[in-house]
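**Student:** Quick one: sequence plus predicted model below, questions after.
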Amino acid sequence: MTLTRRDVEGIALLARLEISEQELPVYVGSLSRIVGFIDQLSAAATEGVEPMAHPLENQVQPLRDDQVTEVDHRDRYQGNAPLVAAGLYLVPKVIE
Amino acid sequence: MTAAEIGRGLRAGSFTSVEVTKHFLERINHAGKQLNAFITVTPERAIADAGRADARIARGEGGPLTGVPLAHKDIFCTAGVLTSCGSRMLSNFVAPYDATVVERLAAAGMVMLGKTNMDEFAMGSSNETSWYGPVRNPWDGTKVPGGSSGGSAAAVAARLVPVATGTDTGGSIRQPGALTGLTGFKPTYGRVSRYGMVAFASSLDQAGVLAQSAEDAALVLGAMAGHDARDSTSVVVPVPDYAAGLGRSMKGLRIGVIREFFGEGLEEGTGRAVRAALEGFSAMGATIVELSLPNLPLSVPTYYVVAPAECSSNLSRFDGVRFGHRCKEPRDLLDMYKRSRGEGFGAEVKRRIMTGTYVLSAGYYDAYYLKAQKVRSLINADFKRAFSEVDVLMGPTTPTPAFAIGAKVDDPITMYLNDIYTIGANLAGLPAVSVPCGLVEGLPVGLQIIGPHFAEARLLAAAHSWQLVTDWHRRLPPLFA
């Protein structure tokens, strides 16, 4: 299967990735090859086969007590943020 | 010297951890400079930690790894130290906490020398996708060291550090281990906590070790493994004393040789070295049977649906809001997301995010993702059937020895096929190890040993037995001998 330029533009938008004009044809080519490669799965006989949910069987999800154990790390965590003010993460205006 | 030997020397008082640490820091800065194996070196912290380890040893405290230096793949969060994941996206990210792996190995007294280079977000088989540039193979500087844990592999192979951590999603420990002559160990899915390990494909990712020997791998794995309440995928299964189990005899071990691993595409010298290793195990009293895992050839296409799907979801967290790269002067929120991600991620990461976005998108989910998860069940069933007949499976780790830098960057499919023998173990969550078993034109070749879930001790014993009768793991790259 071959992807078109429009397909790749649509995927890039869904993935929130800016792709330049120069890069676009390269991705059209390589993504088409990848899709062609994974298309060989369609030939596998999988009638009645359950999709694999987890590599291990009989694992029980351990639960912890419903208690607050974490302390406030906001200042430390926000040290990595590009833009903060008054403890808030700032982004470009969303609502006029 | 191996990590175990350094540990014994430290406890015997032959040298101090500060001396050993300085020795390796010196090698990183001089002999190893051109390999580009490290993204960050942390000398002050290392010498301070070594001093504390010496004090522990002097008090008669600590264990076999206390005072032994190591390096962490730059995918593990290290409090107060750059944790870049080989990406421009995280080139400004100073981790606010330690990964559990980092914490546990520090508690064992190991001394971190720095963070190793890697393929960006662990997506690659050659360490050429790193924002920090390619890593060179110590055996031949024109060749790749493998990936994605290529910096860890090159660092240990050149003895810039005795042992290093890695992660393996599709072969990222075993493949570089094979290409640099190391013991590369990937444990069972869930055996080691992934808390603080940057996520790539959550149903496949597992942390492990790049070591000089099975003994070292056993010691470090033992110190890393075990349940962690902070990682809900880490299993509640006791960790055996791996080092104590190394002496197990190979007599009567049933080895299955995977027929599909010896077909077209396997380079001749690699095949010869692996077959010679199988004869070696036979001489030690193991029985060898050939068997077929008919669905295994579908493991690469299955992986290239499942892993990109999970990666597209995991990497959606990099949005330029809370951490990581943000573009300059965004026009609006959408522009900020698109440009921050477009600038922050490299070409291969973008390719995988888009592949994942495509296979998960409306109308294609059933045809690709669901189909791949069904084929994954078939592959898993193949392994299960095999392990009802044999104790371990063996075959080559990679189809060829290390290839030239730049040789495969233009064709993703060719690059992806490097992992043709390693991906199966990830899809089924199995433990697997690559051990050196020969040299082809001066480049190392790896024998892969795969076991059933939680058979780490069995794999380590097999690898150790092999290393007792061979010296491939003792060979050094001529430039670093």
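**Tutor:** Yes, it's here.

**Student:** make it CA atoms for all contacts and neighbour counts henceforth
**Tutor:** Fine.

**Student:** Now the residue of chain B found nearest chain A. Nearest residue, chain neighbours left out?
**Tutor:** Closest to chain A within chain B is B:Lys374: 4.0 Å, counting by Cα to the nearest Cα. What sits nearest to B:Lys374 in space, not counting adjacent residues and going by Cα to Cα, 6 or more residues apart in numbering or on different chains, is A:Pro51, at 4.0 Å.

**Student:** returning to that earlier point: got a list of what the residue of chain B closest to chain A touches?
**Tutor:** B:Lys374 makes contact with A:Thr46, A:Val49, A:Glu50, A:Pro51, A:Met52, according to Cα atoms under 8 Å, 6 or more residues apart in numbering or on different chains.

**Student:** The residue nearest to B:Lys374: neighbour count?
**Tutor:** Neighbour count for A:Pro51, taken as other Cα atoms under 10 Å in any protein chain shown: 17.

**Student:** for chain A, which helix is longest?
**Tutor:** Ranked by residue count under DSSP state H, the longest helix found in chain A is helix A:23-38.

**Student:** In the following helix or strand past that helix, which residues are buried?
**Tutor:** Under the assignment DSSP states H and E, the closest C-terminal helix or strand after helix A:23-38 is helix A:74-78. Going by neighbour count (16 or more other Cα atoms under 10 Å in any protein chain shown), the buried part of helix A:74-78 is A:Gln78.

**Student:** now what about helix A:74-78, what contacts it?
**Tutor:** Here helix A:74-78 makes contact (Cα under 8 Å, 6+ apart) with A:Val84, A:Gly87, A:Tyr89, B:Pro96, B:Arg322, B:Phe323.

**Student:** The helix or strand hosting the residue of chain B closest to chain A versus helix A:23-38: what angle between them?
**Tutor:** Per DSSP H and E, B:Lys374 falls inside helix B:371-387. Interaxial angle of helix B:371-387 relative to helix A:23-38 (axes from the mean of the first three to the mean of the last three Cα atoms, to 10 degrees): 40 degrees.

**Student:** Whichever helix or strand comes after helix B:371-387 packs against which elements?
**Tutor:** Following helix B:371-387 in sequence order, the next helix or strand is strand B:392-396 (DSSP H and E). Of the remaining helices and strands, those touching strand B:392-396 by 3 or more Cα pairs under 8 Å, 6 or more residues apart in numbering or on different chains; DSSP states H and E are strand B:254-258, helix B:268-283, strand B:443-450.

**Student:** tell me the angle the shortest one makes with helix B:268-283.
**Tutor:** The reference is to strand B:254-258. Relative orientation of strand B:254-258 versus helix B:268-283 (the same axes, to 10 degrees): 160 degrees.

**Student:** Hmm, B:Val237 is touching B:Gly226, no?
**Tutor:** Yes: if you go by Cα atoms under 8 Å, B:Val237 and B:Gly226 touch, sitting 7.1 Å apart.

**Student:** residues in contact with B:Leu447?
**Tutor:** B:Ala178, B:Val274, B:Ala277, B:Met394, B:Gly395, B:Pro396, B:Thr397, B:Ser434, B:Val435, B:Pro436, B:Cys437 are the contacts of B:Leu447 under Cα under 8 Å, 6+ apart.

**Student:** Quick check on the residues you listed: which are buried?
**Tutor:** By 16+ other Cα under 10 Å, the contacts of B:Leu447 give B:Ala178, B:Val274, B:Ala277, B:Met394, B:Gly395, B:Pro396, B:Thr397, B:Ser434, B:Val435, B:Pro436, B:Cys437 as buried.

**Student:** Show the pLDDT at the last one.
**Tutor:** If I follow you right, that is B:Cys437. Looking at B:Cys437, its pLDDT stands at 98.

**Student:** Tell me the strands beside the helix or strand where it lies, with direction?
**Tutor:** B:Cys437 belongs to strand B:432-440 when elements are defined using DSSP H and E. Strand pairing for strand B:432-440, determined by DSSP bridges: strand B:183-186 (antiparallel), strand B:443-450 (antiparallel).

**Student:** Same list (those) but as JSON lines, adding mean pLDDT.
**Tutor:** As requested, those are exported to JSON lines (pLDDT from 0 to 100):
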{"stretch": "strand B:183-186", "mean pLDDT": "98"}
{"stretch": "strand B:443-450", "mean pLDDT": "98"}
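
**Student:** which one of these has the most crowded surroundings?
**Tutor:** Of all those, strand B:183-186 has the most neighbours on average by mean count of other Cα atoms under 10 Å in any protein chain shown, namely a mean of 34.

**Student:** For chain B, give me its nearest residue in chain A.
**Tutor:** Here the residue of chain A nearest chain B is A:Pro51; by Cα to the nearest Cα that distance is 4.0 Å.

**Student:** Need phi/psi at that residue.
**Tutor:** Dihedral pair for A:Pro51: phi -60, psi 140, per degrees, to the nearest 10.

**Student:** Now do it, the pLDDT please.
**Tutor:** Looking at A:Pro51, its pLDDT reads 96.

**Student:** Also the one 10 residues further on?
**Tutor:** On the pLDDT scale, A:Gln61 is placed at 81.

**Student:** residues contacting it?
**Tutor:** B:Ser232.

**Student:** now do B:Cys327
**Tutor:** B:Gly320, B:Met336, B:Arg339, B:Ser340, B:Glu343.

**Student:** Which ones among those also lie next to chain A?
**Tutor:** B:Gly320, B:Met336, B:Arg339, B:Glu343 (Cα under 8 Å from any Cα of the partner chain).

**Student:** May I have the secondary structure class of B:His464?
**Tutor:** helix (DSSP: H, G, I helix; E, B strand; the rest coil).

**Student:** Tell me how many other residues crowd it.
**Tutor:** 25.

**Student:** Which element is encountered next along the chain beyond the lowest-mean-pLDDT helix or strand in chain A?
**Tutor:** Taking mean pLDDT, DSSP states H and E as the measure, helix A:74-78 is the helix or strand of chain A with the lowest mean score, a mean of 94. Note on helix A:74-78: by DSSP H and E, the next helix or strand toward the C-terminus is strand A:84-85.

**Student:** roughly how far is the strand holding B:Cys437 from the heart of the chain?
**Tutor:** Distance of strand B:432-440 from its chain centroid, counting by Cα atoms, centre = their mean, to the nearest Å, is 14 Å.

**Student:** Mind telling me which residue is nearest the centre of chain A?
**Tutor:** Per Cα atoms, centre = their mean, the C-alpha nearest to the average position across chain A is that of A:Ala15, at 7.4 Å.

**Student:** same deal with chain B?
**Tutor:** Centre-nearest of chain B using Cα atoms, centre = their mean is B:Ile173, 2.1 Å out.

**Student:** can you pull the pLDDT of that residue?
**Tutor:** For B:Ile173, the predicted pLDDT is 98.

**Student:** which residues touch it?
**Tutor:** When contacts are counted by Cα under 8 Å, 6+ apart, B:Ile173 touches B:Gly147, B:Ser148, B:Ser149, B:Gly166, B:Thr167, B:Gly184, B:Phe185, B:Lys186, B:Gly208, B:Val209, B:Leu210.

**Student:** Kindly report the same for B:Glu267.
**Tutor:** Counting by Cα under 8 Å, 6+ apart, B:Glu267 makes contact with B:Pro399, B:Thr400.

**Student:** And for B:Asp332?
**Tutor:** A:Pro92, A:Lys93, A:Val94.

**Student:** Which parts of chain B are strands?
**Tutor:** Applying DSSP state E to chain B gives strands spanning B:38-41, B:69-73, B:111-116, B:164-168, B:183-186, B:206-211, B:254-258, B:287-291, B:392-396, B:432-440, B:443-450.

**Student:** I'd like these as TSV, with distance to B:Ser193 appended.
**Tutor:** Formatted as TSV, the strands of chain B follow (distance: least, Cα to Cα, whole Å):
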stretch	distance to B:Ser193
strand B:38-41	23
strand B:69-73	15
strand B:111-116	19
strand B:164-168	11
strand B:183-186	13
strand B:206-211	8
strand B:254-258	30
strand B:287-291	33
strand B:392-396	25
strand B:432-440	17
strand B:443-450	21
